[in-house]
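Chemist: I need the structure of the sequence given here:
(one chain, ligands or ions: 1)
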Amino acid sequence: MKVVQVRCPNCSQPIYSKIKDIVFFCENCKVLHIRGGETKVIDYEIADFNKTITAEKKYMPFWRVWCNFTINESRVSGGTFRKMAQFMRGGGNSGSLFVFVPASEMDVATFKQLAMDLTMSPPRYSTRLDFGGLQRLPTKITNGEAENVSDFVFVTIQADKPGILQDLDYDLVCQEARMVYLPFVVTESGPRPAW
Ligand SMILES: [Zn+2]
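Modeler: Numbering: from 1, shown residues only. Below you'll find the model as predicted:
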């Protein structure tokens, strides 16, 4: 197996990685940086894991993207506005939300499920400063890609029934993504939250 060595852009300490990951965590200064196109220090949070869960836990990376939206028109019948109501400002047709975009490799169904679940009910957790010895899954998509995918997540939330053509007129403006590591227990039926 090829070992990748890069230097921390903050403190110059070498970081060794045996897995193919586009983000690197410096154990020395705790700076996380990405090498996907550009090399850039990124903001991140590590959610603390639930110590009462004894099954093996892994950290999964997500891009958390703050998005402002305005729904101009929706011809989709049933429930579409209701779903977004919790994110809307008093009575208006605009609002803001954190869109969660899974950043590691997974099948499309799991990707959609996680994106929906976390975006519709944002996780609450306390943070920690390191990974506590837990494995973390490699990041496959860049922050820039995540900002584009946010649009897809937003539309998917609106869609009551998958596959039905949406006629939705909206504006979505997303800001820079932050990386959030959430602990999960990987089960046969998919990842189970462990925070
Ligand atoms: Zn460093």
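Chemist: what does the model give D167 for pLDDT?
Modeler: Per-residue confidence at D167 stands at 64 (pLDDT).
Chemist: start the count at 30, not 1, going forward
Modeler: Shifting the count to begin at 30 puts that one at D196.
Chemist: What residues of whichever strand or helix holds V214 count as buried?
Modeler: Under the criterion of DSSP states H and E, V214 resides in strand 207-216. Along strand 207-216, these residues count as buried under the neighbour rule (16 or more other Cβ atoms under 10 Å): 207-214. Where C-beta positions appear, they are placed from N, C-alpha and C, glycine not excepted.
Chemist: Mind giving me the packing neighbours of that strand?
Modeler: With contacts defined as 3 or more Cβ pairs under 8 Å, 6 or more residues apart in numbering; DSSP states H and E, strand 207-216 has these neighbours: strand 73-76, strand 86-103, strand 219-222.
Chemist: and the angle from the longest helix belonging to the chain to strand 207-216?
Modeler: In the chain, assigned by DSSP state H, the helix with the most residues is helix 172-187. Orientation of helix 172-187 against strand 207-216 (axes from the mean of the first three to the mean of the last three Cα atoms, to 10 degrees) gives an angle of 60 degrees.
Chemist: What residues of helix 172-187 count as buried?
Modeler: Along helix 172-187, the positions that meet the burial threshold by neighbour count (16+ other Cβ under 10 Å) are 172, 174-176, 178-180, 182-183, 186-187.
Chemist: Spatially, which two of these are the most separated?
Modeler: N172 and Q187 (23.6 Å; Cβ to Cβ).
Chemist: Show residues contacting the longest helix of the chain.
Modeler: 63, 65-66, 71, 92, 94, 96, 98, 103, 105, 109, 112-113, 128-130, 132, 141, 144-145, 148-149, 170, 195, 197, 199, 201, 203, 205-206, 208 (Cβ atoms under 8 Å, 6 or more residues apart in numbering).
Chemist: Put the alpha carbons of the very next helix or strand once past it into PDB.
Modeler: With elements assigned by DSSP H and E, the helix or strand that comes after helix 172-187 is strand 197-203. Taking C-alpha atoms only, strand 197-203 is exported to PDB below (Å, rounded to 0.1, in the frame of the first residue of the first chain):
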ATOM      1  CA  LEU A 197     -40.300  24.400  -8.800                       C
ATOM      2  CA  ASP A 198     -39.100  27.900  -9.200                       C
ATOM      3  CA  TYR A 199     -36.600  28.800  -6.500                       C
ATOM      4  CA  ASP A 200     -33.300  30.500  -5.700                       C
ATOM      5  CA  LEU A 201     -30.700  28.800  -3.600                       C
ATOM      6  CA  VAL A 202     -27.600  30.700  -2.500                       C
ATOM      7  CA  CYS A 203     -25.100  28.600  -0.600                       C
END
